[in-house]
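1. Test case, fold it:
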Amino acid sequence: LGSNQGDRVGLFREALRLLRAHGVFPQTHSCLYETAPAYVTDQAAFLNAACIVRVEDESVGSCPVKLLDVLKRIEKRLGRKDGGVRFGPRPIDLDILFHDAGAFKDDRLEIPHPRLHERDFVLAPLADLLRGSEADAFDENDVLRETNAASLPIRSDSRRDPIQTGLRAARATWLSRGGERVVGTDAIRRVAPFGKNDTLRTWGENTEIMGILNATPDSFSDGGELDGDDEICISKAVKRAREMVAAGASFVDVGGQSTRPGATRVSAAEEARRVVPVIRALAEALRDTEACVSVDTFYGAVAAAAADAGADVVNDVSGGTLCEEMYRAVASTTRPLPYVCMHMRGDPRTMQSRAMTTYEEDDVPGVVGRELGERARAANDAGIEPWRVWTDPGIGFAKTARGNWDALAHLNVVRSELARSGAGALARAPMLV
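-> Numbers count the residues shown, from 1 in each chain. Next up is the predicted model:
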């Protein structure tokens, strides 16, 4: 996918929606990359991404030209016009890079894409799509000898998958051109839309701090201090938030119920009563700063109300397991708010039971990564775009003291399992700890 005209993120969101409506379902999605224009340089920067898709109609999925026809209809729907400057500006560009049938060429389409090997703006997203076990288990020089980025086996067989073979070759080419050393330069940045005006931001250069505001009567450290929707409590919340931002916080997280072990659940209506007025006040008070306001909730209705009140992030400690409306609510927000998908088993009343804190082979970080990957894919299937999903290993939730330490000490394992599970962009997503 590519775009350098109009609301690029909005066009990507609509393209993915239309793909699903046409029976083309993204299974794995890369991060978003903002890239300098190639070939024709006197134009705006592009937004680029790539995804692996499953096509519902076998007659379309098995025929590259029929699939191309679907993509062209979507491009036209999104404002793409025939003609124009070659390599010039366009609202949306949907290209087939690899196909399960292998190589293909006619007067309209060539697979693999003939200029794939010279395009960092394509190679970087493709590198995100390679399954973790595949990425770890091959020698780049062997792959380059076996196949280059401009050729593929003509057909798949039991020994070779054309898409994975193509991704391996693309990753090898990407590494030979500098790989991660190139990301963050003027040529290419890994980005995500969040914060005021949904600005495209980079991450990973610095650790960001999240301040916590509990609008509850019973939280661990500050329960009762900010509980209530009267002007005095809201004024205290605004004052506390400003102090946090002045001290270096990039996010202020507002929670309306305690999730400590054994806590009694409050209703969505009561939680909304506690947090929505505070979020509305903070959104106004912090409007001229770069700080983001986050809502800590596992209720879809509260997430939707908080988004309408000005929240910039939805932080869900349940990863979508405690409210079946959560994913749909987040997918439907007008702004593409990030969704923090946390690992938890059970609920606050049951999460510290032996059943919930027992992990296969005592591999807490590995299991956390795999289970997070499952939740993230469910969120994607519900319409939350992959670049909006952030992760949280859930320190203190459904884990023993030793399990917490294992997860915290091996966050790299959590990430590698996310990659190995085919979670694509999620392996590089921001992680809240």
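
2. So which bits of stretch 405-422 are buried?
-> 406-408, 410-411, 413-422 (16 or more other C-beta atoms under 10 Å). C-beta here means a position set from N, CA and C on the backbone, and glycine is covered the same way.

3. ok, those residues vs Gly102, which is closest?
-> Gly102 has its nearest neighbour among these in Gly422, at 21.0 Å by C-beta to C-beta.

4. circling back: the buried residues of stretch 405-422 in helices, which ones?
-> 406-408, 411, 413-420 (DSSP state H).

5. returning to that earlier point: which members of the buried residues of stretch 405-422 are the farthest-apart pair?
-> So, the buried residues of stretch 405-422 by C-beta to C-beta: farthest apart are Leu408 and Gly422, at 24.8 Å.

6. Could you work out the end-to-end span of stretch 259-268 for me?
-> Stretch 259-268 has its terminal residues 14 Å apart, counting by C-alpha to C-alpha, to the nearest Å.

7. Need the residues that contact it.
-> 218-220, 256-257, 299, 301-302, 317, 323, 347-349, 351-352, 397 (C-beta atoms under 8 Å, 6 or more residues apart in numbering).

8. which two from the residues you listed end up farthest apart in space?
-> The most widely separated members of the contacts of stretch 259-268, counting by C-beta to C-beta, are Ala301 and Gln352 (27.1 Å).

9. Domain map for the protein?
-> 2-190, 205-428 (automatic domain parsing).

10. Now the last one: average pLDDT?
-> Right, domain 205-428. On average, the pLDDT along domain 205-428 is 91.

11. Then the first one?
-> The average pLDDT for domain 2-190 rounds to 85.

12. Tell me the gap between it and the middle of its chain.
-> The chain centroid and the centroid of domain 2-190 are separated by 18 Å, computed with C-alpha atoms, centre = their mean, to the nearest Å.

13. what distance separates the start and the end of it?
-> From its first residue to its last, domain 2-190 covers 14 Å (C-alpha to C-alpha).

14. so what's the spatially most central residue of the chain up against?
-> Centroid-nearest residue in the chain, with C-alpha atoms, centre = their mean: Trp387, separated by 2.8 Å. Going by C-beta under 8 Å, 6+ apart, Trp387 touches 29, 31-32, 49, 192-193, 425, 429.

15. if we go to 7 Å?
-> 31-32, 192, 425 (C-beta atoms under 7 Å, 6 or more residues apart in numbering).

16. ok, the residues you listed vs Phe121, which is closest?
-> Proximity of the contacts of Trp387 to Phe121 (C-beta to C-beta) peaks at Leu32, which lies at 11.2 Å.

17. Mind checking what secondary structure Ile384 has?
-> coil (DSSP: H, G, I helix; E, B strand; the rest coil).

18. That one: what's it in contact with?
-> 327, 330-331, 339.

19. can I assume Ala15 is in contact with Gly79?
-> No - Ala15 lies out of contact with Gly79 (C-beta atoms under 7 Å); the separation is 11.0 Å.

20. May I have the phi/psi pair for the residue nearest to the centre of the chain?
-> As for Trp387, its main-chain torsions (degrees, to the nearest 10) stand at phi -70, psi -10.
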